[in-house]
Structure formats: C-alpha cells, structure tokens
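In: this one's sequence-less:
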C-alpha cells in the first residue's frame, strides 16, 4: 500500500507542472534562438490554460513529456475543463469508475473523459497509466496514434489499405502505427525529426507536445461544429436524427457508421435515444461525429388525467387526477420553464395540452421537467390478429409495420361491422379495423370483413375457447380460426364442430382469417374406426385392428389398408411418423373410406402407446 501511495504522490508532483494557469508566462528557458519555432505557441497555450511551467519558472522545453501528462493535456484541449461540458464530464467519471478502479493516479477525471471521447479504450489503459508506464516518456509513434484519435480520425485511418511514408526509418515504426504516422504527417500535425527520419522511438519533448497539441486544437476549431437542442424525431431506417434548438430551428442530421453515441456518460446506440432527449451534436467537416445525450434526472413520475392547466403568468401549473385502486387524488405541480413536452409522441409545447388529456409527469425538485401527454381519444388502424377472452376481453391489432399491440375492450364498446351496427360476436380475426381508444382502452370498433373462400381437406381440429381448423390444399396446410357461431353443414345437414372428422372435404367461407361458414362432404362415406393394433405389415401397408362395436360391445377385427402418402401422427405432439413406428398394442384411430368392404385410411392417429 505504501508503494502505491508513493507512486500516486510522485505522479501528482510531476503532473502539477502542467496545471492550468490563467495568464501567459514568458519562460526564461524558451528563447528565440533555440526555441523560436515553438516560443509563441508555448506562450499562447500557456495563456489559454492548457500548459504551464515548473515551480521555478522554467518550462523545460527539451524535457520529455510522460504518457500520463500527454493524456491530461489532450483531455484539456478536448474540453475537459470547459464549463459547458461539466455535466458530461461528471457522467463520464461515473460511467468509467470501474475501468479506472485499479489505477493509482490523481487525474482519473481526464482519463475518464478520454475514454468517453473515444480517444482511449479500456484495453489501452495499462499501456498509458499502469504504474510501470504512467511516468515513462511518450514515444513519437505513440503520439501519432493519440493525436489521430484526438482528431476523431482513427476509424478513417483503420480503413486505409495502403500506407506511404518517405522516411528511411520506416521499418522502425511499429506496423500498427504506420497509418497513424501517415495521417499526422499529411495533416501537418507532426513532422519528421529530419527530412528522411521520423524517429518513432524518440521521446516527445514538452516543446514538441505543445506545438502538436496547438495544431490539433487549431484544426478542431476549424473543422468542428457543435449543435445543442432537443430530439424531435429519430428514424432508425434512414439513420437520421432531427433536433430543435433553443430558437425553434429544426435541422436533420445523418448518422454514419463512425458516429459515436454517448448517453448519460456511457456508450450507447441510436436506439437508446428517445424523442425529447436533450443532446449535443459534434460535427467534424459537416459529418456527425458524436451525439451526447442527457436523460432527465427526476425525483418521481406521476400519471393521470389533466384536470386543469395554467399556461400564462410567472408560474405555470398543471393539475392531474391520479387514480388509485379505490381512490382518486388531484395534485397540482409547477411547470419548469425548460419543460420538455411530448404530445402524441411528437415534440410539442404546453399550449397543445388540454383537460382530459392523459399525461405522465417527470418531476425534479418539485418542478415538472417533462410531460408526455396523449389525447383522450386515439385511433388505431390495422387487422385483428387475435381476440383474448380471459381474464378480460382484449383485442390484438397488427399495424402496417407488422407490430402487434394489445388493447383492453370496454364493456360499453360500440361495434360496427361493414358499416352496420353490430356486437363483439361479429368481430373476426383477420377483420380490418379502425379502433377508437379512450385512455388506451377500446371504446369503438369499426370493422370491415375481408371475405374469401377456399376448399381443402381437414388435417387438424382444435376444440377450445378459440377453436381452429387446419386445411390441406395442394400440399399446403393453412390454419384458420373458427367463429364460435359459424354455420356448419355436413352433407347438407346442420352440424357442429364436434361432428367434423379428419379427412372431410370442406368448402370454407372466410372473413379475414376466420371461418364463418363450413360445408363438409364425407366423400364415399368417410368414416373412422378406433381400436387396438393386433398386427402391422409394413410391406402391404396393412394394420389389423381389434374394434369394439359401439352398440353391442362385441369385438371384431378390422383390416385397415394405409394409403400411400397417408398422414400418420401421434396425438400427444401431432408429429408425423412412419408406419413402422406403430406397434402391436397401440390404440389408434384410422380415418378413411370403405370401398367394396375394404377400409382405406388416409390418416392414422396413435391415441395411446
């Protein structure tokens, strides 16, 4: 522990020589004769508070700059101490606390900010701030890498396929650093030690670092532009984001593959941002380089129905009715001057709000910071995807984007089907509907049936609260819901779902995906038998079944010939199997027809094994 404390103290004493000053200093050891190329820049960087000298008044221009010192200086030119960035800096410190936990340095704020700005990655921390490396001199090839990152150009550099450098010592430059060296050379941020030598392993001096950082600062000020505002729209398909600034000017910005996202100090994605979020956009050469967002910090959230709102005067107020289990409470809140208002999922103002709107309020220090409100009545268009009966009646509606939303149906719902007054029993899965919601519950349904017809053979019957039937046609199987009061006819006689059998040929009248009328034909006296398997002959496709007569109770043997291509399934999982999977002793149901005394099965179901 003592060793770590001593190291931290040593690092602090070294770093303090780079502490921020508020005025320019003329350093006695930085003269025109030896340091004319850097003198004015060192003095200007000192006047701006980016760099300073030692306690004895000297600057030490020829002394090497350490890795830790170089990171601290980079954080400064990127705005770690700017007042406008302080909230982001604090969030970055919180976000990267765990990453920096094992490092005994006094300047974790600056390192966290570089992680936040994507100049450093967590994997690189040991290289620059581990105990063995923090006070080591920064090498010139390392400076090239860091300066490129500070310019926000690392991804561009990584995408290059070829590097061209004029230096004779090119083989001494680590291969991974060569494209970075090429970039800083082409941008005139770093030059060679001579015309033909880059000197990748040479230490970077304090004078060199001051000049290089000055050039980065100048280029960033020229190419960088920042915008602040509130998100009013996000389109993930086109990768665009729209923001409105404080003077209500709206602009759209295109997100690219290199855009960096930060939300509340942590790495994020475009999908993590929401309409109404306050953001700061950084553009480099008119391309969106970084999006920084701040989620509203709140003490509580309440929601209910707006009963009153005061929009004018020095103090604006909103009153809402909050419904409890068996209670109803009206509360009044003061609206913050910088409140963010979302109305029907769009950025808006409090002027759009009205009594009886449903609203959610986010509150901080007793003031409403954000309001998300929706009109009492809303319309939803789509197709009925399902009807839920228990524990409460709900409709599932599939929209144009294929997303399904579920809504509870009010007891006094108004129903119209095909422009005529009706009731809920007429609504079928597959109907096209326009649903009117009252506080998110279905108040009115305007349904239009989409009628069609088809034919096929019954493959499966499901008897439940929401019955359904599978029909095979042209080797394709389609599932249809069966309306509870559907008109069912079997051989021109009125029937019920319980009278239907597998293998029946049917003609269906369908509304949407729901059968409203079913006409079945038994075809050659379609029938079924159930009994115990006594013998299976795979070669002949023959099954001998012991069948009990339903009237007399007598047992007789029925020969069942299984048609080629017949469907053989287990009832417990409806999985298709082969004839050789049927064993003596199995209880089966065979569905087919009798022709000249021969029973031919097109479907065999194993009931028990």
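Out: Ah, there it is. What you see is a predicted model; the values in this text were computed from it and never measured.
In: low pLDDT regions in the stretch 451-600 of the chain?
Out: 523-526, 551, 595-597 (pLDDT under 70).
In: switch to 50 and redo it
Out: Within the stretch 451-600 of the chain, no range satisfies pLDDT under 50.
In: ok, now the chain?
Out: Within the chain, the stretches with pLDDT under 50 are 1-22.
In: Endpoints of stretch 79-94, how far apart?
Out: The separation between the terminal residues of stretch 79-94, taken as CA to CA, to the nearest Å, is 18 Å.
In: ok, how many other residues are close to residue 98?
Out: Per other CB atoms under 10 Å, the neighbour tally for residue 98 reads 9. The C-beta positions use only the backbone N, C-alpha and C, and glycine is treated the same way.
In: how close does it get to residue 122?
Out: Distance of residue 98 to residue 122, computed by CB to CB, to the nearest Å: 9 Å.
In: what comes up buried for the strand or helix carrying residue 603?
Out: Element membership for residue 603, per DSSP states H and E: strand 598-608. The neighbour-count check on strand 598-608 (16 or more other CB atoms under 10 Å) flags 599-606 as buried.
In: Tell me where this structure has helices.
Out: Assigned by DSSP state H, the chain shows helices spanning 2-15, 32-35, 39-47, 67-77, 86-95, 108-116, 125-129, 140-150, 154-158, 178-186, 206-223.
In: can you tell me which of those comes nearest to residue 170?
Out: Across the helices of the chain, residue 170 has its closest neighbour in helix 178-186 (7.3 Å, CB to CB).
In: buried ones in that closest one?
Out: 178-185.
In: Reformat the helices of the chain into TSV and put distance to residue 248 next to each item.
Out: As requested, the helices of the chain are exported to TSV (distance: least, CB to CB, whole Å):
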stretch	distance to residue 248
helix 2-15	45
helix 32-35	51
helix 39-47	38
helix 67-77	33
helix 86-95	23
helix 108-116	30
helix 125-129	43
helix 140-150	34
helix 154-158	34
helix 178-186	40
helix 206-223	27
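In: Out of these, which gets nearest to residue 292?
Out: Evaluated with CB to CB, these place helix 86-95 nearest to residue 292, the distance being 5.7 Å.
In: what's around the residue lying closest to residue 517 once chain neighbours are set aside, how many residues?
Out: Closest residue in space to residue 517, ignoring its immediate chain neighbours: residue 509 at 3.8 Å, by CB to CB, 6 or more residues apart in numbering. Look at residue 509: counted by other CB under 10 Å, it has 16 neighbours.
In: what is residue 509 paired to in the beta sheet?
Out: Taking DSSP bridges as the rule, residue 509 bridges to residue 453, residue 517.
In: Tell me which residues touch it, please.
Out: Taking CB atoms under 8 Å, 6 or more residues apart in numbering, we find residue 509 in contact with 451, 453, 515-518.
In: ok, now residue 375?
Out: Residue 375 touches 344, 354, 357, counting by CB under 8 Å, 6+ apart.
In: so what's the second one closest to, chain neighbours aside?
Out: Sequence neighbours aside, residue 306 is the residue nearest to residue 354 in space, at 7.1 Å (criterion: CB to CB, 6+ apart).
In: cool, residue 366 as well?
Out: Nearest non-adjacent residue to residue 366, counting by CB to CB, 6+ apart: residue 334, 6.6 Å away.
In: Residue 310 now?
Out: In space, residue 310 is closest to residue 317, 4.4 Å off (CB to CB, 6+ apart).
In: okay but that neighbour is in contact with residue 333, surely?
Out: Yes. Residue 317 lies in contact with residue 333 (CB atoms under 8 Å); the separation is 6.8 Å.
In: Between the two, tell me which one has more neighbours.
Out: Set residue 317 next to residue 333 and count neighbours by other CB under 10 Å: residue 333 wins out with 17 against 14.
In: In contact with the closest residue to the more buried one other than its chain neighbours, which residues?
Out: Of all residues not flanking residue 333 in the chain, residue 368 sits nearest, at 5.0 Å (CB to CB, 6+ apart). Taking CB under 8 Å, 6+ apart, we find residue 368 in contact with 318, 333-336, 339, 361-362.
In: Just put these in a markdown table and tack on distance to residue 59.
Out: A markdown table is the format used below for those (distance: CB to CB, whole Å):
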| residue | distance to residue 59 |
| --- | --- |
| 318 | 59 |
| 333 | 57 |
| 334 | 54 |
| 335 | 54 |
| 336 | 49 |
| 339 | 51 |
| 361 | 56 |
| 362 | 51 |
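In: Residue 46 against residue 52, yeah?
Out: Yes. In this structure residue 46 lies within contact range of residue 52 using CB under 8 Å: 5.8 Å.
In: So between these two, which is more surrounded?
Out: residue 46 (23 against 20).
In: how much space between that one and residue 26?
Out: On the measure of CB to CB, residue 46 and residue 26 end up 9 Å apart.
In: And for residue 97?
Out: 41 Å.
In: do the same with residue 95
Out: Distance, residue 95 to residue 26, using CB to CB: 41 Å.
In: Equivalent analysis for residue 583, please.
Out: For residue 583, the distance to residue 26 - CB to CB - is 102 Å.
In: Also residue 439?
Out: 72 Å.
In: cool, and residue 301?
Out: With CB to CB as the criterion, residue 301 and residue 26 are 58 Å apart.
In: got a list of what the residue nearest to residue 366 touches?
Out: Listed by CB under 8 Å, 6+ apart, the contact partners of residue 334 are 315-317, 366-368.
In: partner residues bridging it?
Out: With DSSP bridges as the rule, residue 334 is bridged to residue 317, residue 367.
In: hang on, residue 430 packs against residue 383?
Out: Yes. Contact criterion CB under 8 Å: residue 430 and residue 383 qualify, at 6.3 Å.
In: Report the set of residues contacting both of these two.
Out: Shared contacts of residue 430 and residue 383, counting by CB under 8 Å, 6+ apart, come down to residue 512.
In: Could you find the closest non-adjacent residue to residue 32?
Out: Nearest non-adjacent residue to residue 32, counting by CB to CB, 6+ apart: residue 39, 6.1 Å away.
In: That neighbour against residue 30, yeah?
Out: Yes. Under the criterion of CB under 8 Å, residue 39 makes contact with residue 30 at 5.2 Å.
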